Every structure is written in C-alpha cells, then in structure tokens.
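Trainee: structure for the following, please:
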Amino acid sequence: MAHPSPGGGVQCRAWKARIVAAVSVAVATIPAWTAPASAIAQESPDVRRRLDESQARLEVIREERQRLRRELAGIAGQVSGDSAELVNIERQIDASASLMAEFDVQVLALSDRLTAMTREMLLTRDELTARRVVLRARLRDIYKRGPLRTVEVLLSSRSFSDLLNRYRYLRDVAVFDRMLLEDVRELEGRLVEQRGGLSREGDRIAGVRAEHLREYDELERLEWERQERLRRFADRRDEAQSTLARLATEEAELRALIGGLEERRRAAERAAGSASVSSLTTGDLGRLAWPVEGELLWRFGPEREGRTTIPREGIGIAAPRGTPVNAVDRGTVASVAARASGHTVILDHGGGFYSSYQKLRDVSVREGQPVGEGQPIGHVGGDATRPHIEFQIYEPGAVGPRAVDPVRWLRGRP
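Mentor: Numbers count the residues shown, from 1 in each chain. Sure, this is the predicted structure:
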C-alpha cells in the first residue's frame, strides 16, 4: 500500500481520510471502553447485611450449644440428672435446628451474591470480546497500512496548521491504540479475578452446605439420643411401678406378719395369765447400737423421686456385702422369711416392740431362738449395684404395732 508523500496530494488526502476514520472509530468506542468499570455491579448491601447478621446469629447459637454440651457433661452421671439431661438434649435440638435455619439463610444470600458475580463476569466477558474485536480490527488496519514514517508524514504538510492537524491525528491514534490495548489487558485481568472469585464463592457455598449436612447428622444423633432417654425413662417408670407394687406387697405382708405375731403373743400372755416384759423401754431411745455400720441411704418416711413416691417404713444402711448384721437388743427370733429382695429376720423384744432386718444375704438364726444384744443374725445382702440392708422398728400402737423412725432409737454417730 502507498504511503503519503510531500508531493502526493491524492495519496495524502486518502491517508488523512483513513486517519480520520480510525480516530472516529476510536472516539466512538471511548464510552464502551470505560463501560466495564461502571457496568460492574457492586455487591448488594442487603446481601452483605443478611450475611453479617446471619453470621452473628450463627456465632451466638454455636456458643450456646458449646455451653449446653459442657452442661450436659457436668450433668452426666448424677443420680438426679436424667431429667436434666433430657431437657439439655431438647435444648441442643433447638440449637441445631436454629443453626440449620441460619445455614439456609447463608446459602440463599451467598447464592444471590454468586448470581450477581456471574452476571458481572458475563458482562466483563462480553466487553472483553467487543474490545478484542476492535483491537483485531486496529491491528489488521495497521498491518495493511504498513510502517508509518512519522517524520515523512509531518514533513509532507502543506502548511503549519496542516502540520498541527497531522500531529494531533498521529497523537490521538497512538493514544487511542494504547488505551485500547490497556483496556483489553485490564478486562482480561478482571475476568481472571472474577472467575477466581466465582470459584471461591462456590467453595464457600459448598462449605456452608457441608456444614448444613453435618448439622443435619448432629440433629439426627440428638433426636436418637432423645428417644433413647425417653425409652430409658419409660423403662424406669415401669421398673419403678413394679418396685412400688412389690414394696407395697412386701410392706403389707410384713405388717400382716407382725400383726399376726403380736396377736399370738397377746394370746399366749392371756393363756399364761401374765404380761411379758419388753427389753426395750423409752430409756433406750438414742442408745441402741446400729445393726451395721454404713452410710444412710434413705430415711424413714415417704420419699419423693421424680413423680414417684416410695413408701419408707424403715431406713436403708449401706455396707459391704457379707458384713455381719447384729441384733440391736436382746429378743426372740419371731420370724425368718425368704423374699425376692433377700432374707428377713424379725425379733420380738416383748411388750409389742419388734425390730426387722431385711435384704439379708443369709440368716444365722432360727425361729424361736433367743438372741442377745449385738449377736449376729445374718449378713448384708441388698442388690448387685448397692449392697445394703433395711432396718425397721415397731412400737405398740392402738390397733397393733406401728413402724416408727429407727434413727430415734439408735445412738448418734460422729
């Protein structure tokens, strides 16, 4: 292709026309070049606010659940901790449900942000494609034009004003070409950055969804644990009801037995024409030795355990299995009986006073045998988890012997 020369008027005019066309194209594309910077949508303040608020609530819920887990660890193993454990687990279930709700909020907000970022990336890609089309057109035009000898173009000017116009044309073309190239590079870098941002945002959404799944598994575990607690409560309730029925039966049998023993004693006294003298008197209150040394498991009187009331007509004393159990005072063995809970020995102290030793592993006396104070009558039995005995004292009553608190008869312990 010919280049403009000082004497080529036609060629000079053709060259000027091409310069003007190039400048016109460049000028026409200036708004489009700057469009990506303004077209890139900024992150919605509402999305950012929703994420921040959800994250703040998430941290509070997580701290609450950690506190509940520490509290559950402290409750575990306590005798009265079962109902508290169930309440704690139900509160943990509520916390897990709240966490899952917050994860849903975060996934929705992050999805909105991912949609906006995808839209921005597509706009950037479209702008980059348009700039590349313009750049290829400019490069093709420069290639067809061939090398441009700037000095020759300037020296071929017909006047000083023509020289200035040519200089401005050359400068504008160089500026616009450089701007076009820089804009393409900027859009390429922005596209790479946006693609990286999309990848990171996708990873973040995947992470939140993974947390959601883990929390769902935790919620299922807590619900299973809750059902296990409820099942245990139901089993314990049934066991407690069975125990109460058995205790009621045993207490009724014991009262009937002692009532029958008292009737026979009185009948024997009437037949003999003389009254028996009791070895126990009110002067013995607080002076009798304990049948066995050990921890007091329960006291005399009804005992409330949860929603169950357990009748207690004696005291429970813990001691190692096989420990000898001694008579608290002299008397006669009125009854030796084997029960589901162990052996029972009843001593008749005369005058309507009786002492009962229950849940013995074995018995070393027989009915009708006189025993002395402190004499062994058997050994500690109880159950597999808590070896103990139950001790009762009966005093004369208006309608027969009545159970009283044995502690008032036993000497105080340091």
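
Trainee: low-confidence ranges, the stretch 151-300 of the chain, go.
Mentor: Low-confidence segments of the stretch 151-300 of the chain, defined by pLDDT under 70: 151-155, 157, 239-240, 243-245, 248, 275.

Trainee: surely residue 393 is within a strand?
Mentor: Yes - Residue 393 forms part of a strand when assessed by DSSP: H, G, I helix; E, B strand; the rest coil.

Trainee: for residue 315, see how far away it is.
Mentor: 9 Å (Cβ to Cβ, to the nearest Å). Backbone N, C-alpha and C define where each C-beta goes, glycine included.

Trainee: one more: residue 212?
Mentor: 56 Å.

Trainee: before we move on, what about residue 351?
Mentor: On the measure of Cβ to Cβ, residue 351 and residue 315 end up 22 Å apart.

Trainee: higher neighbour count, residue 212 and residue 315?
Mentor: For residue 212 versus residue 315, neighbours defined as other Cβ atoms under 10 Å are more numerous around residue 315 (23 against 17).

Trainee: could you point out the longest helix of the chain?
Mentor: helix 160-272 (DSSP state H).

Trainee: quick one: list the elements packing against that helix.
Mentor: Where contact means 3 or more Cβ pairs under 8 Å, 6 or more residues apart in numbering; DSSP states H and E, helix 160-272 is packed against helix 9-39, helix 82-145, helix 150-155, strand 308-310, strand 331-339, strand 342-350, strand 353-363.

Trainee: which stretch in those has the least confidence?
Mentor: Lowest mean pLDDT within those: helix 9-39, at a mean of 41.

Trainee: grab the most central residue of the chain for me.
Mentor: residue 92 (4.3 Å; Cα atoms, centre = their mean).

Trainee: can you tell me how far the closest residue to residue 339 other than its chain neighbours sits from residue 90?
Mentor: Residue nearest to residue 339 in three dimensions, not counting chain neighbours: residue 250, with 6.2 Å by Cβ to Cβ, 6 or more residues apart in numbering. Using Cβ to Cβ, one obtains 37 Å as the distance from residue 250 to residue 90.

Trainee: neighbour count winner among these two?
Mentor: Using other Cβ under 10 Å as the criterion, residue 250 and residue 90 rank with residue 250 on top: 18 against 14.

Trainee: tell me the spacing between the more buried one and residue 335.
Mentor: In terms of Cβ to Cβ, residue 250 sits 13 Å off from residue 335.

Trainee: and for residue 107?
Mentor: 75 Å.

Trainee: also residue 382?
Mentor: Distance from residue 382 to residue 335, by Cβ to Cβ: 20 Å.
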